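Chemist: attaching a predicted model along with its sequence, questions to come.
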Amino acid sequence: MERGVSRLRSSHPLVLLLCPNRWLCVLILILRVPSSTLSFPLLPSLPPASPPPIHLDPLVFVSGGVAASLSHLAAVPADVVKTKTQLEPDRFDGKNIAASAAEIYSSDGALVFLGGGVETALGYFLQ
């Protein structure tokens, strides 16, 4: 019986009614209960907030399209290396990504890393 009462004292708001030493129990409640729980009843009632108006600004859509295009365009060189290593496994056998990229650069040139970049940027801009 004592174990159940002590458990109740440390976890339930009725601890003030059951606790023989009220100040100790108040301290236990303060340490166990988040401060936001104690302060919310003290705040005055606020009217419900109305949702902000929706502005369909074309600049927002354009900036979102540019951000999506640039972020996916940055991944195109890695995608080129991945695709070439999958298509020509004998050529890149046992090489890591950096060695594969160096071999692609030496044999095909730098512009091959941007292959498909325009299509990717345009597709993600419109998406």
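Modeler: Received, thanks. Numbers count the residues shown, from 1 in each chain.
Chemist: could you list the low-confidence segments of the protein?
Modeler: Residues of the chain that meet the criterion pLDDT under 70 lie in 1-46.
Chemist: longest helix in the chain, please.
Modeler: helix 58-73 (DSSP state H).
Chemist: can you tell me which helices and strands it packs against?
Modeler: If contacts are counted by 3 or more CB pairs under 8 Å, 6 or more residues apart in numbering; DSSP states H and E, helix 58-73 sits against helix 117-126. For glycine as for every other residue, the C-beta is placed from the backbone atoms N, C-alpha and C.
Chemist: quick one, the helix it packs on and helix 58-73 angle?
Modeler: In terms of direction (axes from the mean of the first three to the mean of the last three CA atoms, to 10 degrees), helix 117-126 departs from helix 58-73 by 140 degrees.
Chemist: follow-up on the earlier one: now do the longest helix of the chain: everything it contacts.
Modeler: With contacts defined as CB atoms under 8 Å, 6 or more residues apart in numbering, helix 58-73 is touched by 117, 120-122, 124-127.
Chemist: again with stretch 78-91
Modeler: Stretch 78-91 is contacted by residues 92, 95, 97, 100-101, 103-104, 112-113, 115-116 when judged by CB under 8 Å, 6+ apart.
Chemist: again, 6 Å this time
Modeler: 92, 100-101, 104, 113, 115 (CB atoms under 6 Å, 6 or more residues apart in numbering).
Chemist: what does stretch 104-116 give?
Modeler: Residues contacting stretch 104-116 (CB under 6 Å, 6+ apart): 77, 80, 84.
Chemist: narrow these to those in helices?
Modeler: Going by DSSP H, the helices hold 77, 80, 84 from the contacts of stretch 104-116.
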